[in-house]
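Trainee: I'd like to go over a predicted model; first the sequence, then the structure.
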Amino acid sequence: MIDISCARLQPFQAFHEFHEKINIYIKVANAAALLLVRHAGAPQNQDQLADLIAASHPSWSTPPVRDLTIEVQRNQDSSVSAFAVMAIFSAFDDFLIGTEAEISRGSGSQKLRSDQLDGYCSSDDDEDKIDRVFRLYAAMNWSADRVVKLQPLLRYFRLCRNCIAHRNARASKALAAQSTDKEISMALAALQEGPERGIMTFKVNENIHFPPTLAIMCSHVLRLIAIDVNDNLVATLGLPGVLKSIAYHAVRLNEELGGKPRKRPEAIVNAFLTKCRVRMKSRDESITEMKRLGIWTAYFKAIMQGSRASNKSN
């Protein structure tokens, strides 16, 4: 029997991969900043920053800054985090769009209406707006019990993102209120296993300084929510929908990789099933089930067309 209880579908896989990469990039940037401080931050190393800037690109021969002041260090630190938070929410929203597409493609009886999902607006001062992910939970009648405790943190990070994007990194009224909400501290305490870290609190119009550790925590919180969304998606699709989803992405991603003409269609789909953590007793089991559900013929034709196209181009 095919076991989909631990399945990780393509939208989650893409977001998880992003989560791991952004974690690395933030830490590398932070380590690089530390090296810069050690090299150019000491008083005796005055003008070292200017020399480094000039050496880094031929068109930067006249550096706009010469000394690595505390203000420059602080702004550089905050800029890395701001870029990261913007990228994290871009990846998360892309994950939600992918999840909605999976529902529409794989579960014909539960197609999502645009008016159920498009209520999220970029106005970060609108207290009544519900984040898109929780609109998805409501539209699908999914239980949010496992992630509702993360909602205060999600709102905090979403408001930080909105202020960075739309208010030149100045705190809005909504963010100022959310940053001092008691539910934030409770959610944070429940989330952390090691030494407790606090979040930044803001006053209205205060510049947002966002340390790298909070950017990583933002990605971690969104990944926890994404895990629950993925589990609900798998339960909604069931085995037929999961197999249809994997067949679809096997064709799409195989074509993007230039096709694998030397691999049989059976091997390609089984490789994707393994990647998605779908457990099978044998490799023939998935093919038998796809044929029974009427998925195999369309998949086989699509994968073979991709392979023939690849052969012609080569």
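Mentor: Looks like it came in fine.

Trainee: Packing partners of the host helix or strand of His19?
Mentor: Per DSSP states H and E: His19 is located in helix 10-40. Under the contact criterion of 3 or more Cβ pairs under 8 Å, 6 or more residues apart in numbering; DSSP states H and E, helix 10-40 touches helix 48-56, helix 70-106, helix 212-256. C-beta: built from backbone N, CA, C; applies to glycine.

Trainee: Same list (the ones you listed) but as CSV, adding mean neighbour count.
Mentor: Output for the helices and strands packed on helix 10-40, formatted as CSV (neighbours: other Cβ atoms under 10 Å):
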stretch, mean neighbour count
helix 48-56, 15
helix 70-106, 18
helix 212-256, 20
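
Trainee: could you give the angle of the helix holding His19 to helix 48-56?
Mentor: 120 degrees (axes from the mean of the first three to the mean of the last three Cα atoms, to 10 degrees).

Trainee: I'd like the average pLDDT over helix 10-40.
Mentor: Helix 10-40 carries an average pLDDT of 93.

Trainee: Tell me who's in contact with Val147.
Mentor: Contact partners of Val147, counting by Cβ atoms under 8 Å, 6 or more residues apart in numbering, are 224-225, 228.

Trainee: how about 10 Å then?
Mentor: 133-134, 137, 154, 221, 224-229, 232 (Cβ atoms under 10 Å, 6 or more residues apart in numbering).

Trainee: How is this protein partitioned into domains?
Mentor: Using automatic domain parsing, the domains assigned to the chain come out as 17-23+79-234, 238-307.

Trainee: can you redo those as TSV with distance to Gln44?
Mentor: Compiled in TSV, those are given as follows (distance: least, Cβ to Cβ, whole Å):
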stretch	distance to Gln44
domain 17-23+79-234	27
domain 238-307	53
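
Trainee: Which one, of these, ends up nearest to Ala32?
Mentor: Nearest of the domains of the chain to Ala32, taken as Cβ to Cβ: domain 17-23+79-234 at 9.3 Å.

Trainee: who touches Asn207 in this structure?
Mentor: Contacts of Asn207 (Cβ under 10 Å, 6+ apart): 75, 78, 163, 168-171.

Trainee: what helix or strand does Cys273 sit in?
Mentor: Let me fix one detail, which is that residue 273 is Leu and not Cys. Here Leu273 is assigned to helix 265-275, by DSSP H and E.

Trainee: if we can go back for a sec, take the contacts of Asn207 and keep only those in strands.
Mentor: Among the contacts of Asn207, no member is found in strands (DSSP state E).

Trainee: which of these has the most neighbours?
Mentor: Cys163 (27 neighbours; other Cβ atoms under 10 Å).

Trainee: Let's see the pLDDT reported for it.
Mentor: Looking at Cys163, the pLDDT reads 94.

Trainee: and what of Ala298?
Mentor: The predicted local confidence for Ala298 is 91.

Trainee: Now do it against Pro11, distance only.
Mentor: For Ala298, the distance to Pro11 equals 21 Å [Cβ to Cβ, to the nearest Å].
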